[in-house]
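1. How does the following fold in three dimensions:
(one chain, ligands or ions: 1)
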Amino acid sequence: MPDLLPPTRWALGGARNTGYGERFADLIAQGEDVVGEGRLADALVGRGARILDAGSGMGRIGGYLHACGHRVTAAEPDATLVAQSRRTYPGLTVVPHEILALTPEALTGAGVPTEYDLVVCVGNVLAFLAEGTEVAVLERLGSLLAPGGRILAGFHLRGGPATARSYPPDEFAADVTAAGLRVDHRFGGYDLRPVDDQYAVWVLARG
Ligand SMILES: C[S@@+](CC[C@H](N)C(=O)[O-])C[C@H]1O[C@@H](n2cnc3c(N)ncnc32)[C@H](O)[C@@H]1O
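-> Alright, predicted model coming up:
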(Lines give C-alpha, C1' and ligand atoms only; values in the text may rest on other atoms or scores of the structure.)
Protein backbone atom coordinates (compact mmCIF):
# COMPACT_ATOMS: atom_id res chain seq x y z
CA MET A 1 0.00 0.00 0.00
CA PRO A 2 2.64 2.66 0.86
CA ASP A 3 4.14 2.46 -2.65
CA LEU A 4 0.79 3.51 -4.13
CA LEU A 5 0.48 6.57 -1.94
CA PRO A 6 1.26 10.01 -3.36
CA PRO A 7 4.50 11.63 -2.12
CA THR A 8 4.14 13.85 0.90
CA ARG A 9 5.17 17.49 0.80
CA TRP A 10 7.86 16.43 3.25
CA ALA A 11 9.26 13.90 0.77
CA LEU A 12 8.96 16.34 -2.12
CA GLY A 13 10.91 18.90 -0.06
CA GLY A 14 13.86 16.50 -0.10
CA ALA A 15 17.15 18.06 0.95
CA ARG A 16 15.36 21.29 1.88
CA ASN A 17 13.96 19.47 4.93
CA THR A 18 17.10 17.65 6.05
CA GLY A 19 18.04 20.32 8.61
CA TYR A 20 15.13 19.34 10.87
CA GLY A 21 16.71 16.25 12.43
CA GLU A 22 20.09 17.91 13.00
CA ARG A 23 18.48 21.03 14.40
CA PHE A 24 16.61 19.10 17.07
CA ALA A 25 19.65 16.96 17.85
CA ASP A 26 21.62 20.19 18.44
CA LEU A 27 18.88 21.73 20.58
CA ILE A 28 18.69 18.60 22.73
CA ALA A 29 22.49 18.55 23.07
CA GLN A 30 22.32 22.17 24.27
CA GLY A 31 19.70 21.25 26.88
CA GLU A 32 16.93 23.26 25.22
CA ASP A 33 13.27 22.55 25.92
CA VAL A 34 11.92 20.70 22.86
CA VAL A 35 8.97 18.87 24.42
CA GLY A 36 6.27 21.49 25.00
CA GLU A 37 3.88 19.55 22.79
CA GLY A 38 4.60 16.46 24.88
CA ARG A 39 3.73 18.16 28.15
CA LEU A 40 0.30 19.13 26.82
CA ALA A 41 -0.20 15.64 25.38
CA ASP A 42 0.65 14.11 28.76
CA ALA A 43 -1.95 16.34 30.44
CA LEU A 44 -4.67 15.10 28.06
CA VAL A 45 -4.48 11.44 29.08
CA GLY A 46 -4.47 9.18 32.11
CA ARG A 47 -1.33 7.37 33.20
CA GLY A 48 -0.06 4.57 30.99
CA ALA A 49 -2.13 5.70 28.00
CA ARG A 50 -1.93 4.35 24.47
CA ILE A 51 -0.51 7.18 22.36
CA LEU A 52 0.18 7.30 18.63
CA ASP A 53 2.75 9.88 17.54
CA ALA A 54 1.74 10.23 13.89
CA GLY A 55 4.58 11.63 11.80
CA SER A 56 6.99 11.30 14.72
CA GLY A 57 10.10 12.59 12.94
CA MET A 58 13.28 12.19 14.99
CA GLY A 59 11.17 11.08 17.95
CA ARG A 60 11.40 14.02 20.35
CA ILE A 61 7.71 13.93 21.40
CA GLY A 62 7.16 10.18 21.26
CA GLY A 63 10.40 9.71 23.19
CA TYR A 64 9.25 12.13 25.88
CA LEU A 65 5.83 10.48 26.20
CA HIS A 66 7.45 7.05 26.36
CA ALA A 67 9.65 8.32 29.19
CA CYS A 68 6.46 9.52 30.95
CA GLY A 69 5.33 5.89 31.06
CA HIS A 70 2.85 5.85 28.18
CA ARG A 71 2.60 3.05 25.63
CA VAL A 72 3.71 5.00 22.58
CA THR A 73 3.68 3.98 18.96
CA ALA A 74 5.64 6.34 16.71
CA ALA A 75 4.81 6.25 13.00
CA GLU A 76 7.28 7.84 10.59
CA PRO A 77 7.86 7.14 6.89
CA ASP A 78 11.17 9.01 6.42
CA ALA A 79 13.86 6.32 6.73
CA THR A 80 16.57 8.76 7.84
CA LEU A 81 14.36 10.05 10.65
CA VAL A 82 13.35 6.51 11.64
CA ALA A 83 17.04 5.68 12.04
CA GLN A 84 17.71 8.88 14.03
CA SER A 85 14.69 8.20 16.25
CA ARG A 86 15.79 4.64 16.99
CA ARG A 87 19.33 5.82 17.83
CA THR A 88 18.15 8.68 20.03
CA TYR A 89 15.22 6.97 21.78
CA PRO A 90 15.96 3.22 21.75
CA GLY A 91 12.92 2.43 23.93
CA LEU A 92 10.45 4.08 21.53
CA THR A 93 8.66 1.76 19.12
CA VAL A 94 8.75 3.20 15.60
CA VAL A 95 6.68 1.75 12.78
CA PRO A 96 8.12 2.95 9.46
CA HIS A 97 4.77 3.73 7.91
CA GLU A 98 2.98 6.77 6.75
CA ILE A 99 -0.37 7.61 8.31
CA LEU A 100 -2.51 6.35 5.43
CA ALA A 101 -0.80 2.97 5.75
CA LEU A 102 -1.71 2.62 9.45
CA THR A 103 -4.37 -0.03 8.91
CA PRO A 104 -5.44 -2.35 11.73
CA GLU A 105 -3.62 -5.13 9.88
CA ALA A 106 -0.38 -3.15 9.67
CA LEU A 107 -0.55 -2.15 13.33
CA THR A 108 -1.37 -5.68 14.46
CA GLY A 109 1.48 -6.96 12.31
CA ALA A 110 3.82 -4.50 14.02
CA GLY A 111 2.67 -5.70 17.45
CA VAL A 112 1.25 -2.33 18.50
CA PRO A 113 -2.27 -1.26 19.55
CA THR A 114 -4.92 -0.70 16.92
CA GLU A 115 -6.66 1.99 18.96
CA TYR A 116 -5.34 4.91 20.95
CA ASP A 117 -6.35 7.20 23.78
CA LEU A 118 -4.48 10.04 22.10
CA VAL A 119 -3.09 10.66 18.65
CA VAL A 120 -0.39 13.32 18.58
CA CYS A 121 0.16 14.90 15.17
CA VAL A 122 2.36 17.92 15.87
CA GLY A 123 5.24 19.83 14.36
CA ASN A 124 3.50 20.77 11.10
CA VAL A 125 2.87 17.14 10.05
CA LEU A 126 -0.59 18.08 8.75
CA ALA A 127 0.95 20.82 6.59
CA PHE A 128 3.38 18.30 5.08
CA LEU A 129 0.85 15.69 3.93
CA ALA A 130 0.58 14.72 0.28
CA GLU A 131 -1.60 17.15 -1.63
CA GLY A 132 -5.28 16.26 -1.43
CA THR A 133 -4.89 13.62 1.31
CA GLU A 134 -5.78 15.81 4.28
CA VAL A 135 -9.33 14.51 4.83
CA ALA A 136 -8.27 10.90 4.30
CA VAL A 137 -5.45 11.31 6.82
CA LEU A 138 -7.79 12.86 9.38
CA GLU A 139 -10.26 10.01 8.77
CA ARG A 140 -7.51 7.46 9.28
CA LEU A 141 -6.38 9.10 12.51
CA GLY A 142 -9.99 9.27 13.73
CA SER A 143 -10.47 5.58 12.97
CA LEU A 144 -7.59 4.78 15.33
CA LEU A 145 -9.16 6.51 18.35
CA ALA A 146 -10.38 4.44 21.27
CA PRO A 147 -13.77 5.48 22.71
CA GLY A 148 -13.24 8.93 24.22
CA GLY A 149 -9.89 9.28 22.45
CA ARG A 150 -8.62 12.59 21.13
CA ILE A 151 -6.22 14.03 18.60
CA LEU A 152 -3.71 16.77 19.46
CA ALA A 153 -2.55 18.56 16.31
CA GLY A 154 -0.57 21.68 15.63
CA PHE A 155 0.89 23.63 12.74
CA HIS A 156 2.09 27.08 11.77
CA LEU A 157 -0.36 29.53 10.26
CA ARG A 158 2.46 31.95 9.42
CA GLY A 159 6.20 31.59 9.18
CA GLY A 160 6.15 27.82 8.80
CA PRO A 161 8.64 25.75 6.80
CA ALA A 162 8.97 26.77 3.15
CA THR A 163 8.19 23.26 1.91
CA ALA A 164 4.94 22.99 3.88
CA ARG A 165 1.58 24.15 2.66
CA SER A 166 -0.39 27.00 4.15
CA TYR A 167 -3.38 25.47 5.97
CA PRO A 168 -5.91 28.19 6.85
CA PRO A 169 -7.91 27.45 10.02
CA ASP A 170 -11.28 27.58 8.23
CA GLU A 171 -10.13 25.04 5.66
CA PHE A 172 -8.71 22.80 8.37
CA ALA A 173 -11.95 23.00 10.38
CA ALA A 174 -13.94 22.04 7.27
CA ASP A 175 -11.60 19.08 6.65
CA VAL A 176 -12.03 18.00 10.28
CA THR A 177 -15.82 17.95 9.83
CA ALA A 178 -15.54 16.14 6.48
CA ALA A 179 -13.46 13.49 8.23
CA GLY A 180 -16.18 12.85 10.81
CA LEU A 181 -14.33 14.64 13.58
CA ARG A 182 -15.06 17.76 15.61
CA VAL A 183 -12.95 20.57 17.04
CA ASP A 184 -13.11 20.54 20.85
CA HIS A 185 -10.48 23.26 21.36
CA ARG A 186 -8.23 25.60 19.45
CA PHE A 187 -5.32 27.48 21.03
CA GLY A 188 -2.47 29.65 19.82
CA GLY A 189 0.22 27.41 21.31
CA TYR A 190 0.92 24.35 23.42
CA ASP A 191 0.90 26.56 26.51
CA LEU A 192 -2.81 27.16 25.76
CA ARG A 193 -2.34 30.81 24.84
CA PRO A 194 -5.36 32.41 23.13
CA VAL A 195 -6.03 31.81 19.45
CA ASP A 196 -3.78 33.89 17.20
CA ASP A 197 -2.81 34.06 13.53
CA GLN A 198 0.68 32.58 13.94
CA TYR A 199 0.14 29.01 15.12
CA ALA A 200 -2.82 26.70 15.67
CA VAL A 201 -3.11 23.94 18.24
CA TRP A 202 -6.20 21.76 17.99
CA VAL A 203 -7.83 19.15 20.18
CA LEU A 204 -10.11 16.98 18.06
CA ALA A 205 -12.50 14.16 18.84
CA ARG A 206 -14.90 11.97 16.91
CA GLY A 207 -17.86 14.02 15.75
C1 LIG B 1 8.74 18.90 10.66
S2 LIG B 1 8.67 17.15 10.78
C3 LIG B 1 7.95 17.01 12.41
C4 LIG B 1 8.20 15.68 13.04
C5 LIG B 1 7.70 15.53 14.47
N6 LIG B 1 6.25 15.43 14.53
C7 LIG B 1 8.16 16.63 15.36
O8 LIG B 1 7.34 17.47 15.74
O9 LIG B 1 9.36 16.68 15.69
C10 LIG B 1 7.29 16.75 9.72
C11 LIG B 1 7.06 15.23 9.64
O12 LIG B 1 5.83 14.96 8.98
C13 LIG B 1 5.98 13.68 8.45
N14 LIG B 1 4.87 13.38 7.53
C15 LIG B 1 4.41 14.13 6.50
N16 LIG B 1 3.38 13.49 5.90
C17 LIG B 1 3.19 12.33 6.58
C18 LIG B 1 2.28 11.24 6.45
N19 LIG B 1 1.37 11.20 5.49
N20 LIG B 1 2.39 10.21 7.33
C21 LIG B 1 3.32 10.25 8.32
N22 LIG B 1 4.21 11.24 8.48
C23 LIG B 1 4.14 12.27 7.62
C24 LIG B 1 7.36 13.73 7.80
O25 LIG B 1 7.83 12.45 7.46
C26 LIG B 1 8.14 14.45 8.89
O27 LIG B 1 8.73 13.55 9.78
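2. From one end of stretch 177-191 to the other, what's the distance?
-> One end of stretch 177-191 to the other measures 25 Å (Cα to Cα, to the nearest Å).
3. Pretty sure residue 66 sits in a helix.
-> Yes: counting by DSSP: H, G, I helix; E, B strand; the rest coil, residue 66 is found in a helix.
4. Might you report the residue contacts of it?
-> Residues near residue 66 by Cβ atoms under 8 Å, 6 or more residues apart in numbering: 72, 89, 91, 92. Where C-beta positions appear, they are placed from N, C-alpha and C, glycine not excepted.
5. ok, which stretches of this protein are helices?
-> Ranges of helices in the chain, per DSSP state H, are 9-13, 19-29, 36-43, 60-67, 79-88, 104-109, 134-143, 169-178.
6. Let me know which of those is tucked in deepest.
-> Comparing those by mean neighbour count (mean count of other Cβ atoms under 10 Å), helix 60-67 comes out on top with a mean of 24.
7. average model confidence for that one?
-> Mean pLDDT, helix 60-67: 98.
8. is it true that residue 181 touches residue 142?
-> Yes: in this structure, residue 181 is within contact of residue 142 by Cβ atoms under 8 Å, at 5.0 Å.
9. which residues touch the residue nearest the centre of the chain?
-> Centroid-nearest residue in the chain, with Cα atoms, centre = their mean: residue 121, separated by 2.0 Å. Contact analysis of residue 121 by Cβ under 8 Å, 6+ apart lists 54, 55, 99, 141, 151, 152, 153, 154.
10. coming back round to it: now do the shared contacts for residue 181 and residue 142.
-> Common neighbours of residue 181 and residue 142, using Cβ under 8 Å, 6+ apart, are 151, 204, 206.
11. Can you add distance to the ligand and give these back as JSON lines?
-> Output for these, formatted as JSON lines (distance: Cβ to the nearest ligand atom, whole Å):
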{"residue": "151", "distance to the ligand": "13"}
{"residue": "204", "distance to the ligand": "16"}
{"residue": "206", "distance to the ligand": "20"}
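12. can you tell me which of those are in strands?
-> Among the shared contacts of residue 181 and residue 142, the residues falling in strands (DSSP state E) are 151, 204, 206.
13. Residue of this protein nearest the ligand, please.
-> residue 123 (2.0 Å; Cβ to the nearest ligand atom).
14. Spatially, what comes nearest to that residue if we skip its sequence neighbours?
-> residue 57 (6.2 Å; Cβ to Cβ, 6 or more residues apart in numbering).
15. What of residue 141?
-> Nearest non-adjacent residue to residue 141, counting by Cβ to Cβ, 6+ apart: residue 119, 5.0 Å away.
16. I'd assumed residue 144 was in contact with the one you found.
-> Yes: under the criterion of Cβ under 8 Å, residue 119 makes contact with residue 144 at 6.2 Å.
17. Which residue of the two possesses the greater neighbour count?
-> Set residue 119 next to residue 144 and count neighbours by other Cβ atoms under 10 Å: residue 119 wins out with 27 against 24.
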